[in-house]
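Colleague: give me the fold of what follows.
(chains A and B)
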Amino acid sequence: GAGVSQSPRYKVAKRGQDVALRCDPISGHVSLFWYQQALGQGPEFLTYFQNEAQLDKSGLPSDRFFAERPEGSVSTLKIQRTQQEDSAVYLCASSLWGSYGYTFGSGTRLTVV
Amino acid sequence: EDKVVQSPLSLVVHEGDTVTLNCSYEVTNFRSLLWYKQEKKAPTFLFMLTSSGIEKKSGRLSSILDKKELFSILNITATQTGDSAVYLCAVPFGNEKLTFGTGTRLTIIP
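Modeller: The predicted structure is shown next:
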């Protein structure tokens, strides 16, 4: 597609529910990144893929967070047993290579109640 | 730990005013500094700066980097209501991930 597509746009989850957030990057983009943006803050790095390989997951806040990109294209960020502190906008970005020429998706706003 | 600090946190000005947004950084192995505009949710790229003293310009927006003093500024002249947004500064670290500042929320009053 022309841009990075994320779905759903909004998600409300009850505390303790599992959620799955999808990112469809620009076709041919090798690098894919997930960021978490809390209200009033800048985006914070979660994890990075190069094709299907997850090269860095140092930003994932706990073992409840899991990301995959099995075929090197679409990626899913899964959060298990959601907590209120998980409420944030989750941004996905893709690039041809590395941090140059990032294109961000519009994000998924997750609200945990 | 790499660090990016933006100021002010928020700014309210009248249409037509000129604004200057600041970004300071502490980064090991500095390579570049990037500016983004975030209106709704998706940050959109404005500038990438790698060399000191060379101004990047796009219409009414311009930016410059000072690698000695470790800061960058983003100028917007003749502001318009469409310039209202959060402006984010970021530096790459590690293997291409970005460290962002908290952003400056700019509001332009008609």
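Colleague: give me every residue that touches residue B:63.
Modeller: The neighbours of residue B:63, taking Cβ atoms under 8 Å, 6 or more residues apart in numbering or on different chains as the test, are B:35, B:46, B:47, B:49, B:55, B:56, B:72, B:73, B:74, B:75. All C-beta spots, glycine's among them, are computed from the backbone N, C-alpha and C.
Colleague: show me what the nearest residue to the fifth one once chain neighbours are set aside bridges to in the sheet.
Modeller: On the basis of Cβ to Cβ, 6 or more residues apart in numbering or on different chains, the spatially nearest residue to residue B:55 that is not a chain neighbour turns out to be residue B:64, at 4.8 Å. When bridges are called by DSSP bridges, residue B:64 pairs up with residue B:73.
Colleague: what residues does chain A have near chain B?
Modeller: With Cβ under 8 Å from any Cβ of the partner chain as the criterion, chain A comes near chain B at residues A:4, A:31, A:33, A:35, A:40-45, A:48, A:55-56, A:59, A:89, A:91, A:95, A:98-107, A:109.
Colleague: are any of those buried, and if so which?
Modeller: A:4, A:31, A:33, A:35, A:42-45, A:48, A:56, A:59, A:89, A:91, A:95, A:98-99, A:102-107, A:109 (16 or more other Cβ atoms under 10 Å in any protein chain shown).
Colleague: next step: those restricted to strands.
Modeller: Judged by DSSP state E, the subset of these located in strands is A:31, A:33, A:35, A:44-45, A:48, A:56, A:89, A:91, A:95, A:103-104, A:109.
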